[in-house]
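Trainee: Prediction below, plus the sequence it came from.
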Amino acid sequence: MNPVYDDFFAGGAGEERTLRGNLAAYDRLRIVPRVLRATGDRDLRTTLFGTDLATPVLVAPTAFHLLAHPGGEVATARGAAAAGTAMVVSMAATQPVERIAGAGGPLWFQLYPQPDLAFTAALVKRAEAAGCRALVVTVDSPVFGRRERDLRNGFTDLPDGLACENMRDDTGRVRNIEMDPALGWDRIGWLRGITGLPVLVKGILHPQDARLAVGHGVDGVIVSNHGGRQLDGAIATIDALPAVVEAVGGRIPVLVDGGIRRGTDVLIALARGAAAVLVGRPVLDALARGGADGVRDHLRTLTADLDHVMALAGAKRPAELTPDLVAVAG
Ligand SMILES: Cc1cc2nc3c(=O)[nH]c(=O)nc-3n(C[C@H](O)[C@H](O)[C@H](O)COP(=O)(O)O)c2cc1C
Ligand SMILES: O=C(O)C(=O)c1ccccc1
């Protein structure tokens, strides 16, 4: 792949401490397996907001798939559908959500609420009409992160011929995605009023924000530091998860992303209370290498790995994964 695009996909903010930290945090955790639990055939099926999925591993929203592969987001969606899971379509997708929906699998739509409320409302309606089943509101980006690789490479815009196709307004012009530093909880209430879709907030790390999310009627939270691309120095997501899960107290599902690479990472996240996980960069790498089939195979392999380590840890279903199965390495 073009090394500039490679850096865009792989990179993080600042010194990339948080990017590395998401992975390093899993290295510090170990599994305390149970034995003689007759775990025969495992069952990884997971239901989220009324949608049945074959696996608790979802595709995280990521920008610009046409930079990775000529099949773009449509290919990613085909891969996710073939693996029986949901894809979260980024607002910065390079193909129209209606075409991505043609792949047939369950989709959620990720939104950066725009200061222009009429445009934001129209986009939400558009995603809803295309068949998206949930709205994922990214709340960790009041301003754009400082990605030093992109600054060094001078990567600021999509090349000619590519555009954020879901940012076209009624004149057909493509708008820039604006980060809104004035965004507050009131806008979450406003979104709940304009859509019947479940609303998740993505980018929660502090337990008090998790309580506020529940209080504002949010349907799910995603513990995320944006894969280390926003606030460099932010806590690793698997370290933030337990306090968020405790604050939520089972009232809504808690999902987590960041640094999930292996079945054991998924197992640890589920054991610490996540209802499901999302995977970002590995899906982009799989897309770049193998298109839709690559994405399908990656998701199936990660799910098969989870199944295997659940057998070894003595769990038949995700619900049997509990915090006592995780220890902090000495
Ligand atoms: C290239 C790239 C683009 C991303 N674009 C978006 C985006 O448009 N919206 C969003 O909410 N998160 C975006 N993210 C963050 C991911 O949704 C997710 O939080 C992160 O990638 C998870 O970490 P992982 O890559 O270690 O799995 C992006 C991440 C990457 C790597
Ligand atoms: O959110 C991101 O991480 C990201 O890379 C992005 C890029 C362009 C537009 C919006 C988001």
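Mentor: Arrived safely, thanks for sending. Numbering: from 1, shown residues only. Ligands and ions are numbered 1, 2, ... in the order given.

Trainee: burial measure for the residue of the stretch 151-300 of the chain found nearest ligand 1, as a count.
Mentor: Using C-beta to the nearest ligand atom, the closest approach of the stretch 151-300 of the chain to ligand 1 is made by G280 at 2.3 Å. For glycine as for every other residue, the C-beta is placed from the backbone atoms N, C-alpha and C. Counted with other C-beta atoms under 10 Å, residues neighbouring G280 total 21.

Trainee: pretty sure it contacts G259?
Mentor: No - assessed by C-beta atoms under 8 Å, G280 is found out of contact with G259, at 9.3 Å.

Trainee: In contact with the residue of the stretch 151-300 of the chain closest to ligand 1, which residues?
Mentor: A60, T62, G227, D257, G258 (C-beta atoms under 8 Å, 6 or more residues apart in numbering).

Trainee: Could you report the pLDDT at it?
Mentor: With respect to pLDDT, G280 scores 99.

Trainee: Next up, phi/psi of it, please.
Mentor: Phi and psi for G280, reported as degrees, to the nearest 10, are phi -100, psi -80.

Trainee: nearest residue to it other than its sequence neighbours?
Mentor: Closest residue to G280 apart from its sequence neighbours, by C-beta to C-beta, 6 or more residues apart in numbering: A60 at 4.0 Å.

Trainee: For stretch 235-247, list every residue counted as buried.
Mentor: Neighbour-count burial for stretch 235-247 flags I235, A236, T237, I238, D239, A240, L241, A243, V244, V245, A247 (criterion: 16 or more other C-beta atoms under 10 Å).

Trainee: Check whether that stretch comes near ligand 1.
Mentor: No - on the criterion C-beta under 6 Å from any ligand atom, stretch 235-247 is out of touch with ligand 1, staying 8.0 Å away.

Trainee: can you give me the offset of that stretch from its chain's centre?
Mentor: Chain-centre distance of stretch 235-247: 16 Å, with C-alpha atoms, centre = their mean, to the nearest Å.

Trainee: go on, stretch 115-135?
Mentor: Centre-to-centre, stretch 115-135 and its host chain are 18 Å apart (C-alpha atoms, centre = their mean).

Trainee: do stretch 241-254 as well
Mentor: 17 Å.

Trainee: same deal with stretch 217-226?
Mentor: Counting by C-alpha atoms, centre = their mean, stretch 217-226 is centred 10 Å from the centre of its parent chain.

Trainee: residues from the stretch 101-250 of the chain in reach of ligand 1?
Mentor: By the rule C-beta under 6 Å from any ligand atom, the part of the stretch 101-250 of the chain lying against ligand 1 is Q110, T138, K202, S224, H226, G227, R229.

Trainee: Kindly indicate the member of the residues you listed with the most neighbours.
Mentor: Greatest neighbour count in these, by other C-beta under 10 Å, goes to S224: 28 neighbours.

Trainee: can I assume it is in contact with I260?
Mentor: No - using C-beta under 8 Å, S224 makes no contact with I260, being 11.0 Å away.

Trainee: What residue in the stretch 151-300 of the chain comes nearest to ligand 2?
Mentor: R229 (4.4 Å).

Trainee: which ones are touching that residue?
Mentor: By C-beta under 8 Å, 6+ apart, R229 lies in contact with G11, G12, A13, L19, G145, R147.

Trainee: Which of the residues you listed fall within helices?
Mentor: Using DSSP state H, L19 are the members of the contacts of R229 that sit in helices.

Trainee: And the strands in the chain?
Mentor: Secondary structure of the chain by DSSP state E: the strands cover 29-31, 46-48, 51-53, 57-59, 87-89, 107-111, 135-138, 199-204, 220-223, 254-257, 276-279, 326-328.

Trainee: List the neighbouring strands of the third one plus their orientation.
Mentor: Using DSSP bridges, the strands paired with strand 51-53 in its sheet are strand 46-48 (antiparallel).

Trainee: now the strand it pairs with, how far from the chain's geometric center?
Mentor: Centroid displacement of strand 46-48 relative to its chain, using C-alpha atoms, centre = their mean, is 15 Å.

Trainee: Please name the residues that touch the nearest residue to L302 once chain neighbours are set aside.
Mentor: Distance criterion C-beta to C-beta, 6+ apart; nearest residue to L302, sequence neighbours excluded, is V57 at 5.5 Å. Neighbour list for V57: T85, I260, V266, A276, V277, L278, V279, L299, L302, T303, L306 [criterion: C-beta under 8 Å, 6+ apart].

Trainee: per-residue confidence at the closest residue to V59 other than its chain neighbours?
Mentor: Of all residues not flanking V59 in the chain, M87 sits nearest, at 4.1 Å (C-beta to C-beta, 6+ apart). M87 is assigned 99 on the pLDDT scale.

Trainee: Count the neighbours of M87 for me.
Mentor: Residues near M87, counting by other C-beta under 10 Å: 29.

Trainee: For D52, list each beta-bridge partner.
Mentor: For D52, the beta-bridge partners are T47 (DSSP bridges).

Trainee: Is it correct that it is in contact with R45?
Mentor: Yes - applying C-beta under 8 Å as the test, D52 and R45 come out as touching, 6.4 Å apart.

Trainee: Who has more neighbours out of the two?
Mentor: Legend: neighbour count by other C-beta under 10 Å for D52 and R45, higher for R45 (13 against 10).
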